[in-house]
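Engineer: Sequence and predicted structure are below.
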Amino acid sequence: MPHFRLRRTIVALVALPLLALGTGQALAEPAPLPATVGQAPVATRVSVIEDEVARTLATALADPALRERLRATTTADGAPTALAPLAAAVPGPAARRLAESTARADRGIATAKGLGSDLGPLLRVQLADPSMRAAVDAGAAPLVATAATDEHARTVRAYDTTGRVHTLDTGTLPARPVYLVDLDVAKTLTAGIDVLQRELRARGLGAATPAASTEGAAAAQAAGGWWGTKITSVRVNDDEEPWFKGAAEMFALVSGFGQDGKVRVDSVAMPYLQYDGTTYYPNQILVNWSSYKYNLADVVLMEDDGDTNYLALAQAVAAVLLTIADQGAYIPLVNAVLAALPESWWTDDPDYVESWYTLARTSSGRLNGARGNG
């Protein structure tokens, strides 16, 4: 199970210019970041929905047939399984109630995240840790919890088959097996990037095509060539791995001035960033410089920890960036993007990860983020 702690991340990018004749120096000069203000909400809409489904699933597991079906479909390595097909595969009133609750939850989550209603099943379930498999196989009665987004939480609420609440210590792996209800963030991230691109384009911010299309870059290069910055490696380090932390997905917002002189934002999905302490080698196009006027751009790295509303994000970013006009020289846009983020994204909800100021077309080598994290 992937784990993330993003309040104390260490992030480094290694970027190489495509079609470059030589290498230049990175121009990433740290600038002051907005101060943290406000407090994160106690529970987000998505987490409330997930908690309701967790309780419904827990009580449904009083049905031996459903419990055995879940045991049989949960793999030994802890990989998640979709919840809706699980509920539909078992007859009986308990599974029927679970299926109805899951269907409502899937629709509610899609709405809360500003996505369409045709994404299909979004909720999934998995063992909190693969070591719990032996206890489940031996017939131990499991608990059901949700994969919390607050990595600072000291306790997690879980339910048993009677619906009774159990408080679990986040610092210690529970002795009793625990199933986690979690969100298929990979699916919502893909849909969310589509929403970001569509909404930003509709608001005149020029995000017409995905910036990270390797296939598109290869086609353009064959047709005559263009400049681009490619991520050859990226690493996110962390010093803690709480057992209750669910999967997360990352994406980047690349901003600068387009060829028309208007602010441009491209969203770049980075779903491969799943494990901390691991160096990934995606060879992913981050910036297509043919889209930018000054051959300079800024990058904000963000994480969807389950409750990101992509429609609201696009609207907030557009509202701020549309007030910035081209003055005939490059203006860093990172602070403007960060200023558009809701206050909760600066506290326990770790949606903002890192930022890079003034990435140049000629930038190459290791680029450390402006937060001083690595």
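Structural biologist: Here it is on my side, so go on. Being a predicted model, the structure only gives us computed values, none of them experimental. Numbering: from 1, shown residues only.
Engineer: residue contacts, Ala140?
Structural biologist: Arg176, Pro177 (CB atoms under 8 Å, 6 or more residues apart in numbering). No exception for glycine: its C-beta is placed from N, CA and C like everyone else's.
Engineer: and with 10 Å instead?
Structural biologist: Met132, Ala134, Ala175, Arg176, Pro177 (CB atoms under 10 Å, 6 or more residues apart in numbering).
Engineer: quick check, nearest of these to Met270?
Structural biologist: Distance to Met270, by CB to CB, is smallest for Met132 among those, at 30.0 Å.
Engineer: re earlier: I'd like the contacts of Ala140 as JSON lines, with neighbour count and secondary structure appended.
Structural biologist: Formatted as JSON lines, those follow (neighbours: other CB atoms under 10 Å; DSSP: H, G, I helix; E, B strand; the rest coil):
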{"residue": "Met132", "neighbour count": "22", "secondary structure": "helix"}
{"residue": "Ala134", "neighbour count": "11", "secondary structure": "helix"}
{"residue": "Ala175", "neighbour count": "9", "secondary structure": "coil"}
{"residue": "Arg176", "neighbour count": "14", "secondary structure": "coil"}
{"residue": "Pro177", "neighbour count": "22", "secondary structure": "coil"}
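Engineer: which residues of the stretch 251-374 of the chain score low on pLDDT?
Structural biologist: 274-276, 305-307, 340-351, 372-374 (pLDDT under 70).
Engineer: how about the helices in it?
Structural biologist: For the stretch 251-374 of the chain, the helices defined by DSSP state H, counting those that start in this stretch cover 310-321, 334-339.
Engineer: Can you tell me which of those is nearest to Arg203?
Structural biologist: Nearest to Arg203, of these and by CB to CB, is helix 310-321 at 4.0 Å.
Engineer: mind giving me CSV with the helices of the stretch 251-374 of the chain and columns for distance to Glu68?
Structural biologist: Conversion of these to CSV gives the following (distance: least, CB to CB, whole Å):
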stretch, distance to Glu68
helix 310-321, 38
helix 334-339, 49
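Engineer: what's near enough to touch the closest residue to Ala135 other than its chain neighbours?
Structural biologist: Distances taken as CB to CB, 6 or more residues apart in numbering place Pro177 nearest to Ala135, at 4.6 Å, with adjacent residues excluded. Contact analysis of Pro177 by CB under 10 Å, 6+ apart lists 71, 127-129, 131-138, 140-144.
Engineer: ok, now with 7 Å
Structural biologist: Pro177 sits next to Leu127, Met132, Ala135, Val136, Ala140, Pro142 when contact means CB atoms under 7 Å, 6 or more residues apart in numbering.
Engineer: Need the max-distance pair from the residues you listed.
Structural biologist: Leu127 and Ala140 (11.6 Å).
Engineer: Go ahead and confirm Val185 touches Glu249.
Structural biologist: Yes. Counting by CB atoms under 7 Å, Val185 does reach Glu249; the two are 4.5 Å apart.
Engineer: who touches both of those two?
Structural biologist: Asp304.
Engineer: What's the separation between the residue most central in space within the chain and Gly277?
Structural biologist: Per CA atoms, centre = their mean, the C-alpha nearest to the average position across the chain is that of Asp304, at 2.4 Å. The spacing between Asp304 and Gly277, counted by CB to CB, to the nearest Å, is 20 Å.
Engineer: Ok, Thr146 next?
Structural biologist: In terms of CB to CB, Thr146 sits 25 Å off from Gly277.
Engineer: Comparing those two, which residue is more hemmed in?
Structural biologist: Thr146 (28 against 12; other CB atoms under 10 Å).
Engineer: which residues does the more buried one contact?
Structural biologist: Counting by CB under 7 Å, 6+ apart, Thr146 has contacts Ser47, Glu50, Asp51, Ala54, Leu180, Val181.
Engineer: Could you count how many residues lie near the second one?
Structural biologist: Right, the one you point to is Glu50. 28.
Engineer: What confidence value was assigned to it?
Structural biologist: We note a pLDDT of 90 for Glu50 in this prediction.
Engineer: ok so it is a strand residue?
Structural biologist: No. Read with DSSP: H, G, I helix; E, B strand; the rest coil, Glu50 is helix and lies in no strand.
Engineer: hang on, the earlier thing: isn't the residue nearest to the centre of the chain right next to Asp184, touching?
Structural biologist: No. The criterion here is CB under 7 Å, and Asp304 misses it with Asp184 at 11.1 Å.
Engineer: looking at this, Ala58 is in a helix?
Structural biologist: Yes. The assignment for Ala58 (three-state DSSP) places it in a helix.
Engineer: and the gap between the residue nearest to Ala135 and Leu66?
Structural biologist: Pro177 is 15 Å from Leu66, by CB to CB.
Engineer: circling back to that earlier point, which strand residues bridge the residue nearest to the centre of the chain?
Structural biologist: Glu249 (DSSP bridges).
Engineer: how about it, what does it touch?
Structural biologist: Asp304 touches Val185, Thr188, Leu189, Gly192, Ala248, Glu249, Phe251, counting by CB under 7 Å, 6+ apart.
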